[in-house]
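Colleague: Here is my input, please return the structure:
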Amino acid sequence: MTIESTLYGVQLTGIGAFIPETILTNDDMSQLVETSDEWIASRTGIRERRVVSGDESVADMAIAAAKDALASAGMEDGHDIDLILVATSTADTIYPAVACQVQEAIGAKKAAGFDMALACSGFVFASVTAEQFLRTGMFKKALIIGSDIHTRVVDWADRNTCVLFGDGAGAAILEATQPEANALLANTIQTDGAKGFELTLNTNTPNCPLVAPRTEHLPHVKMNGREIFKFVVNVVPTSIAASLAKAGLTLHDMDFVVLHQANTRLMTAMAERMNIPESKLLTHLEGIGNTSAASIPIALNHAVRTGTIQKGHKLVLCGFGAGLAWGSTVLEWTMVDQRTPWPATAQKSAAYLREHAAELAAV
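Modeller: Here you go, the predicted model:
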């Protein structure tokens, strides 16, 4: 999409996240499948993942992330939000939509909302969708959320998939502005249904008992890892290049590249293909795992909280995954975080905290 003079500009004015308290380490995973910390970490970059427990839900996480995003924008509640989009492929309820549950919880009484099921590219698709409503003036403030619980839909006997996923939610607030203040500079989204069955998550609800039964499909994530790897390293550079071209920018102009946090090997391969310096590749995976639609906003929130992303920085975001679907967005960071700053130790990486655990505990 290109910007017309008759359309509003759009800025990102809030960011937030939520991850469950329960931690599942790679050593814990070795109790379930034949694996080890070294095997998982060397192939994925993941050492821990956060997982839900008990009755924690996609909606619970989405609400918590939404409230964090509202706080970051200096908003006490959702009264001024008039659009809510939730990207999730693992909702606990088909209806009511997660967006409706969020609307009630944050007091967004005038908001419309709906859910989108595009797995790991969902947050980017939600952002692009919300942007269209804001540019036309139909809505003024949109809340977009990625929230997924994949630990309930993995096959815990399949080490190729169960070691990858963690649970979490991330949220952002987009606001309409005057055209000259526009900060969402360009985007590209695309799907390829011909390859959709390389990455699947089936339902297993039965037919009416008076007709022939459905073929049974286990409700677990199934992935052709080799084909997905080939797909990603081909489409992601093309998508990013297309969005940058629309914005009249290059990778050299970007301060950070924020990819869906799938696994370190995949992100490194794409960075090498695009000649992205390690210093520009934003990663936040080691301690939380692949959180699907939540991974990009969680990574953005962590970078804001640790002072990595600053006002004026230019970023390109790229989501990719089931569908198959992918998309990218180029933006200038304009928000100023209104939340209480994190303590210094909270700004350290998972690796740092693990390495210095003893001395930190003694402080």
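Colleague: and residue 132, how many neighbours?
Modeller: 13 (other C-beta atoms under 10 Å). Yep, even glycine has a C-beta here, placed from its N, CA and C like the rest.
Colleague: SS state for it?
Modeller: Secondary structure, DSSP: H, G, I helix; E, B strand; the rest coil: residue 132 is helix.
Colleague: Which parts of the stretch 101-250 of the chain are strands?
Modeller: With strands called from DSSP state E, counting those that start in this stretch, the stretch 101-250 of the chain shows them at 112-116, 141-149, 167-177, 184-191, 199-201, 221-223.
Colleague: Walk me through which strands the first one pairs with, and which way each runs.
Modeller: So that's strand 112-116. strand 83-87 (parallel) (DSSP bridges).
Colleague: Quick one: closest of the strands of the stretch 101-250 of the chain to residue 256.
Modeller: With C-beta to C-beta as the measure, strand 184-191 is the member of the strands of the stretch 101-250 of the chain nearest residue 256 (14.2 Å).
Colleague: which strands and helices sit next to that closest one?
Modeller: Under the contact criterion of 3 or more C-beta pairs under 8 Å, 6 or more residues apart in numbering; DSSP states H and E, strand 184-191 touches strand 9-18, helix 122-135, helix 225-247, strand 325-332.
Colleague: 6 Å instead, please
Modeller: Contacts defined by 3 or more C-beta pairs under 6 Å, 6 or more residues apart in numbering; DSSP states H and E place strand 184-191 against helix 122-135, helix 225-247, strand 325-332.
Colleague: Name the residues that touch the first one?
Modeller: Looking back up the chat, that one is helix 122-135. 7-8, 10, 83, 85, 87, 116, 118, 139, 142, 144, 146, 174, 176, 184, 187, 189, 293, 296-297, 319, 327, 329 (C-beta atoms under 6 Å, 6 or more residues apart in numbering).
Colleague: quick one on the thing from earlier: worst mean pLDDT among the helices and strands packed on strand 184-191?
Modeller: Across these, helix 225-247 has the smallest mean pLDDT, namely a mean of 94.
Colleague: What residues sit buried inside it?
Modeller: 228, 231-233, 235-237, 239-241, 243-244, 246-247 (16 or more other C-beta atoms under 10 Å).
Colleague: that older thread, make CSV out of the helices and strands packed on strand 184-191 and add distance to residue 65.
Modeller: CSV is the format used below for those (distance: least, C-beta to C-beta, whole Å):
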stretch, distance to residue 65
helix 122-135, 11
helix 225-247, 25
strand 325-332, 19
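Colleague: of all those, which lies closest to residue 43?
Modeller: That would be helix 225-247 among the helices and strands packed on strand 184-191, by C-beta to C-beta, at 10.2 Å.
Colleague: and the angle for that closest one with strand 325-332?
Modeller: Taking axes from the mean of the first three to the mean of the last three C-alpha atoms, to 10 degrees, one finds that helix 225-247 is oriented at 40 degrees with respect to strand 325-332.
Colleague: elements contacting helix 225-247?
Modeller: For helix 225-247, the packing partners by 3+ C-beta pairs under 6 Å, 6+ apart are strand 184-191, helix 264-274, strand 314-321, strand 325-332.
Colleague: quick one, which of the strands of the stretch 101-250 of the chain is packed in tightest?
Modeller: With neighbours taken as mean count of other C-beta atoms under 10 Å, the strands of the stretch 101-250 of the chain reach their highest mean count in strand 141-149, at a mean of 31.
Colleague: chain center to that strand: distance?
Modeller: Remark: strand 141-149 is offset 9 Å from the chain centroid, using C-alpha atoms, centre = their mean, to the nearest Å.
Colleague: That strand pairs with which strands?
Modeller: When sheet partners are counted by DSSP bridges, strand 141-149 sits next to strand 83-87 (parallel), strand 167-177 (antiparallel).
Colleague: what's the shortest one in contact with?
Modeller: When contacts are taken as C-beta under 6 Å, 6+ apart, the neighbours of strand 83-87 outside the stretch itself are 62, 98-99, 102-103, 111-113, 115-116, 122-123, 126, 130, 133, 139, 142-146, 293.
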